[in-house]
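> no sequence for this one, just the structure:
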């Protein structure tokens with residue numbers, strides 16, 4: 001933690017930004033619960049990861065701890081890889097459904 005405090009305007013802006021990030025995270029969590037499709041849930045999970053990265057960056061600005069930036073970078077990489085993995089899963093699932101329809105229609 002640094003000895004210097006934030007200017008009042010920056011402290012105010014970080015506090016309001018954090019509140020907005022928390023609200024966006026709550027809405028993304030609702031989208032994860034409601035769905036209705038897998039794609040909606042994947043996009044909401046990706047949004048949640050991006051919001052967590054932004055929240056860590058704001059916390060770094062507020063406290064001065066630069067270690068949170070390393071964690072934020074790792075979380076961004078893991079979030080990206082998770083999104084790619086879900087996309088591959090969704091594509092395979094879609095292809096299997098198409099194959100089932102094709103074999104059913106041929107009968």
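On my side now, so go ahead. All of these numbers come straight from a predicted model, not from anything done at the bench. Numbering: from 1, shown residues only.

> all contacts plus neighbour counts: C-alpha atoms, from now on.
Noted.

> For the protein, which segments count as helices?
Using DSSP state H, the helices of the chain run over 8-34, 38-63, 67-106.

> what pLDDT, on average, does the second one get?
For helix 38-63, the per-residue pLDDT values average out at 92.

> picking that back up, just the helices of the chain: most buried one?
With neighbours defined as mean count of other Cα atoms under 10 Å, these peak in mean count at helix 38-63, which reaches a mean of 19.

> Which neighbouring elements make contact with that helix?
Here helix 38-63 touches helix 8-34, helix 67-106, going by 3 or more Cα pairs under 8 Å, 6 or more residues apart in numbering; DSSP states H and E.

> Now the weakest link among the helices of the chain, please, by mean pLDDT.
The bottom spot among the helices of the chain, by mean pLDDT, belongs to helix 67-106, with a mean of 88.

> next one: it to chain centre, how far?
On the basis of Cα atoms, centre = their mean, to the nearest Å, helix 67-106 sits 14 Å off its chain's mean C-alpha point.

> How about stretch 64-82?
On Cα atoms, centre = their mean, the centre of stretch 64-82 falls 11 Å from that of its chain.

> Same question for stretch 27-47.
Put simply, stretch 27-47 sits 10 Å off its chain's centre (Cα atoms, centre = their mean).

> Can you give the contact residues for it?
By Cα atoms under 8 Å, 6 or more residues apart in numbering, the surrounding residues in contact with stretch 27-47 are 48, 79, 80, 83, 86, 90.

> what do you get for stretch 58-73?
With Cα under 8 Å, 6+ apart as the criterion, stretch 58-73 contacts 1, 2, 6, 11, 14, 17, 18, 52, 53, 54, 56, 57.
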